[in-house]
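Enquirer: what follows is a predicted protein model with its sequence.
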Amino acid sequence: MVKMTIDGNEVEAGAGMTVLQACEQIGIEIPRFCYHERLSVAGNCRMCLVSMERAPKPIASCGMPVGEGMVITTNTPEVQQMRKNVMEFLLINHPLDCPICDQGGECDLQDQAVGYGLDRSRYKENKRAVKDKYMGPLIGTIMTRCIHCTRCIRFASEIAGVPELGATGRGEHMEVGTYVEKALNSELSGNLIDLCPVGALTSAPYAFNARPWELKKTESIDVTDALGCNIRVDARGPEVKRIMPRLNEDVNEEWISDKARFSCDGLKRQRIDTPYVRQNGKLQPATWPEAFDAIAGKLKDLKGEQIAAIAGDLADCESMTALKDLMGGLGSPNIDCRQDGAKLDASVRASYLFNSSISGIDRADVIVIIGSNPRREAAVLNARIRKRFVRGGVSIAVIGEAADLTYDYTHLGVGADTLAELTAGKGPFAKILKDATHPMLILGAGAVTGQDGAAILALARDLTEKFKMIDAGQNWNGFNVLHNAASRVGGLDLGFVPGEGGLDTTGILAGAASGTIKAVYLLGADEIDTSALGDTFVIYQGHHGDAGAHRADVILPGAAYTEKNATYVNTEGRVQRTQLAVFAPGEAREDWTIIRALSETLGNTLPFNSLREVRARMVEFNNVFMNIDDAVPAAWEKFGEKGDVSNEPFQSPISNFYMTDPIGRASVTMARCADEFLGSAERKTGTDG
């Protein structure tokens with residue numbers, strides 16, 4: 001620790017801290033524009049000037065390391081005048097756009113100008129004008145407002161790993177852009193909007209839609225992937241206007257993916273807002289009693305083994321709890337939450353969790369990625385791996401498709417044969433694994449979806465145990481499964497898997513095709529092959545008119561994640577909850593309430609009437625649901641099944657990052673991104689399944 005004096009107070013600061021950080025830790029706010037705690041120090045703006053004893057001139061506190069005996073003053077008239085002078089320089093060329101600027105109300109420059117700005121300028125020269133740059137369909141640019149803080153450049157190269165932004169020219173002629181006019185190709189590009197301290201980079205889809213003080217802000221959870229990023233939903237009236245990140249150091253730090261941020265316009269398109277019943281081959285609007293009676297009339301003559309249910313990727317834990325109890329009351333063991341067919345073992349929690357935790361990536365010294373493209377499957381987690389890579393001292397290997405992951409890695413091979421060789425200790429990377437102190441394995445969910453999925457899971461477990469990736473003494477478990485569906489871990493925790501003698505997703509579809517399954521309940525399941533359902537009676541409950549709704553015989557309108565108080569469990573097993581930000585449109589209702597109402601019509605009334613009672617029932621299934629916002633470690637047990645594995649290359653299940661769920665496929669913004677970055681050939685589906 002270093003002892004120093006700040007504004008007459010003796011304080012202790014950690015070695016390596018900057019003067020700005022030392023001031024912040026004792027509650028002294030230092031104005032800044034270029035400095036950001038997650039980016040390298042640039043020292044461009046000079047707004048953070050302070051006085052240091054015996055220094056010949058003021059110092060930039062963001063770039064000055066603390067030193068023993070240092071004496072700093074931050075609030076003298078001289079310091080105040082320095083900052084006013086800097087502000088005057090910054091505003092020389094800044095346009096008077098505040099009344100029509102989308103950043104108004106959330107602008108750092110605007111806020112600091114209140115404290116340090118003048119009511120007039122001594123400069124009479126014409127303001128400079130800079131041509132706006134094209135950065136893609138997500139980021140709107142008004143580059144005349146740019147104050148050259150370079151936050152965007154540093155984020156693109158350091159965090160996103162896409163060094164496509166830079167500065168050309170010098171002094172007054174400096175311009176920030178992409179060198180050649182092109183879209184910024186990053187799944188995290190929307191974070192540039194939050195980082196920009198002025199209105200130079202704004203949200204193109206949100207532009208001129210609302211002012212920040214008009215919006216109702218609701219803290220919630222993102223469900224577009226399995227990471228469970230913490231978000232804030234900003235809404236006006238019945239419409240979600242934008243999605244913003246929330247700080248959570250253990251999950252997403254302060255970043256979210258472009259899909260999480262910009263797909264929200266899909267929440268108001270292609271919505272199912274009333275029940276439908278198929279009559280004479282066509283879906284017709286119906287009332288709730290009519291829809292329930294149509295279901296009851298079909299199910300009353302069926303045996304339990306002739307009925308099945310599949311939960312989709314966006315299903316919440318409350319609705320899966322209700323549906324599991326409903327199917328149990330009907331005598332059906334045919335339920336599954338793994339609509340991709342993953343051979344995951346629901347009886348061993350450690351077999352399907354990201355056991356190291358997301359923040360545990362920071363401790364890893366060797367990372368082996370198997371059958372996954374984390375840049376497409378969990379963009380924020382991929383940025384965390386890159387953060388670890390940039391810090392140094394880590395070796396990364398990939399078994400699967402070779403792709404640009406934004407960091408260097410050793411490509412060991414493409415399939416299970418390479419995994420078997422590594423498990424046997426063959427190859428030079430086996431030596432690196434053996435010498436590691438915190439080795440980590442990341443198994444993509446797509447690697448275990450084939451017929452040999454259980455055998456691959458067993459191979460991954462053998463690799464974990466052979467190279468001692470589990471160290472109870474250091475509280476370390478290096479076995480990790482990276483899911484891509486928000487509902488998957490919650491469904492497995494609830495035991496939403498086949499009961500004794502029951503069929504999994506593959507068996508349900510085969511049974512529907514052969515005629516042994518007469519009715520299938522799809523709880524937002526849109527990623528299955530609906531053509532395999534044959535003549536089966538299909539009940540679809542969901543919020544968008546996607547694949548499942550097109551095939552349905554009865555449609556029950558549910559609520560999207562922004563329209564309900566619901567529980568989700570992320571890939572590391574952290575139980576989190578969304579909050580109702582807007583009400584569901586039309587006749588749509590929260591999903592568990594629909595199933596509860598249907599159970600009365602079917603004569604199997606479920607034993608709960610409130611959200612509190614449903615959540616109590618969830619705890620009966622698994623007590624992890626008592627620990628909200630905590631990732632509870634799981635006990636290590638045997639899992640997987642030994643067997644032959646194919647030599648087919650591992651493939652990421654996601655080919656189109658922007659359209660992996662019904663909300664993304666309904667989003668105009670995501671369609672524009674897919675056109676820009678993928679072309680029409682890859683737009684059709686977000687998954688390969």
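Expert: Done, it's in. Computed from a predicted model, the values in this text were never measured in an experiment.

Enquirer: contacts, neighbours, all on C-alpha from now
Expert: Noted.

Enquirer: so Val398 sits in a strand?
Expert: Yes. Looking at Val398 with DSSP: H, G, I helix; E, B strand; the rest coil, it is inside a strand.

Enquirer: contact partners for it?
Expert: Val398 sits next to Val368, Ile369, Ile370, Gly371, Tyr409, Thr410, His411, Leu412, Gly413 when contact means C-alpha atoms under 8 Å, 6 or more residues apart in numbering.

Enquirer: can you rerun that using 7 Å?
Expert: Shown in contact with Val398 (C-alpha atoms under 7 Å, 6 or more residues apart in numbering): Val368, Ile369, Ile370, Tyr409, Thr410, His411, Leu412.

Enquirer: next: Ile231.
Expert: Here Ile231 is in contact with Glu219, Ser220, Ile221, Asp222, Ile243, Met244, Pro245, Arg246 (C-alpha under 7 Å, 6+ apart).

Enquirer: quick check, nearest of those residues to Asp553?
Expert: Asp222 (30.3 Å; C-alpha to C-alpha).

Enquirer: so what pLDDT did that closest one get?
Expert: Listed pLDDT for Asp222 reads 97.

Enquirer: from Ala566, how far off is it?
Expert: According to C-alpha to C-alpha, to the nearest Å, Asp222 stands 12 Å off from Ala566.

Enquirer: so between those two, which is more surrounded?
Expert: Asp222 (28 against 25; other C-alpha atoms under 10 Å).

Enquirer: so how far is Ala486 from the more buried one?
Expert: Counting by C-alpha to C-alpha - Asp222 and Ala486 are separated by 8 Å.

Enquirer: repeat that for Gly558.
Expert: Gly558 is 17 Å from Ala486, by C-alpha to C-alpha.

Enquirer: Gln80 too?
Expert: 50 Å.

Enquirer: where along the stretch 201-350 of the chain do the helices fall?
Expert: Secondary structure of the stretch 201-350 of the chain, counting by DSSP state H, counting those that start in this stretch: helices at 258-262, 288-299, 317-329.

Enquirer: mind checking which of these is nearest Ala22?
Expert: Nearest of those (C-alpha to C-alpha): helix 258-262, 33.2 Å.

Enquirer: give me the contacts around the closest one.
Expert: Contact with helix 258-262 is made by Glu187, Leu188, Ser189, Gly190, Asp222, Thr224, Ile243, Met244, Tyr658, Thr669, as judged by C-alpha under 7 Å, 6+ apart.

Enquirer: what's near enough to touch the closest residue to Ala210 other than its chain neighbours?
Expert: Sequence neighbours aside, Lys241 is the residue nearest to Ala210 in space, at 7.6 Å (criterion: C-alpha to C-alpha, 6 or more residues apart in numbering). By C-alpha under 7 Å, 6+ apart, the contact set of Lys241 is Tyr206, Asp234, Ala235.

Enquirer: looking at these, spot the one nearest Ala597.
Expert: Comparing these against Ala597 with C-alpha to C-alpha places Ala235 closest, at 29.1 Å.

Enquirer: the closest one bridge partners, please.
Expert: Note on Ala235: beta-bridge partners by DSSP bridges are Lys216, Val240.

Enquirer: quick one: it and Glu214 touch, right?
Expert: No. Counting by C-alpha atoms under 7 Å, Ala235 sits too far from Glu214 to count as a contact (8.5 Å).

Enquirer: which one of those two is surrounded by more residues?
Expert: Using other C-alpha under 10 Å as the criterion, Ala235 and Glu214 rank with Ala235 on top: 21 against 11.

Enquirer: make JSON lines out of the contacts of Ile231 and add distance to Glu106.
Expert: As requested, those are arranged in JSON lines below (distance: C-alpha to C-alpha, whole Å):
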{"residue": "Glu219", "distance to Glu106": "18"}
{"residue": "Ser220", "distance to Glu106": "20"}
{"residue": "Ile221", "distance to Glu106": "22"}
{"residue": "Asp222", "distance to Glu106": "23"}
{"residue": "Ile243", "distance to Glu106": "15"}
{"residue": "Met244", "distance to Glu106": "13"}
{"residue": "Pro245", "distance to Glu106": "14"}
{"residue": "Arg246", "distance to Glu106": "15"}
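
Enquirer: which of those residues fall within strands?
Expert: Within the contacts of Ile231, residues falling in strands by DSSP state E are Glu219, Ser220, Ile221, Ile243, Met244, Pro245.

Enquirer: neighbours of the residue lying closest to the fifth one once chain neighbours are set aside, how many?
Expert: Right, Met244. Nearest non-adjacent residue to Met244, counting by C-alpha to C-alpha, 6+ apart: Arg232, 5.0 Å away. Neighbour count for Arg232, taken as other C-alpha under 10 Å: 22.

Enquirer: same question for the one 5 residues further on.
Expert: As a burial measure, the neighbour count of Gly237 was computed by other C-alpha under 10 Å and equals 12.

Enquirer: Asp535 too?
Expert: Counted with other C-alpha under 10 Å, residues neighbouring Asp535 total 14.

Enquirer: now it, what's its secondary structure?
Expert: Classification of Asp535 by three-state DSSP places it in coil.

Enquirer: then the one 3 residues further on?
Expert: Assigned state for Val538: strand (three-state reduction, three-state DSSP).

Enquirer: so in terms of bridging, what pairs with it?
Expert: Val520.

Enquirer: so it sits against His550, correct?
Expert: No. In this structure Val538 lies outside contact range of His550 using C-alpha under 7 Å: 10.2 Å.

Enquirer: need phi/psi at Arg672.
Expert: phi -70, psi -40 (degrees, to the nearest 10).

Enquirer: what sits against it?
Expert: Pro137.

Enquirer: in three-state terms, label Arg384 for me.
Expert: When classified by three-state DSSP, Arg384 comes out as helix.

Enquirer: for it, give its distance to Tyr658.
Expert: In this view, Arg384 and Tyr658 are 20 Å apart by C-alpha to C-alpha.

Enquirer: Lys638 versus Val481, what's the distance?
Expert: For Val481 relative to Lys638 (C-alpha to C-alpha), the value is 15 Å.

Enquirer: who has more neighbours, those two?
Expert: Per other C-alpha under 10 Å, whichever of Val481 and Lys638 has more neighbours is Val481, with 29 against 12.

Enquirer: backbone dihedrals for that one, please?
Expert: Torsion angles, degrees, to the nearest 10, at Val481: phi -110, psi 130.

Enquirer: one more: Cys107?
Expert: phi -100, psi 120.

Enquirer: quick one, strands of the stretch 351-500 of the chain?
Expert: Ranges of strands in the stretch 351-500 of the chain, per DSSP state E, counting those that start in this stretch, are 366-370, 395-399, 410-413, 439-444, 470-471, 476-477, 479-482.

Enquirer: ok, residues contacting the fifth one?
Expert: I take that to be strand 470-471. So strand 470-471 is in contact with Trp476, Asn477, Gly478, going by C-alpha under 7 Å, 6+ apart.

Enquirer: any idea of the pLDDT on the nearest residue to the second one once chain neighbours are set aside?
Expert: Once flanking residues are discounted, Asn477 sits nearest to Ile470: 4.4 Å by C-alpha to C-alpha, 6+ apart. Ile470 carries a pLDDT score of 93 in this model.

Enquirer: and Ile470, how far from Arg596?
Expert: 43 Å.

Enquirer: do Glu164 as well
Expert: Distance from Glu164 to Arg596, by C-alpha to C-alpha: 52 Å.

Enquirer: which of those two has more neighbours?
Expert: A side-by-side neighbour count of Glu164 and Arg596, using other C-alpha under 10 Å, places Arg596 first with 22 against 17.
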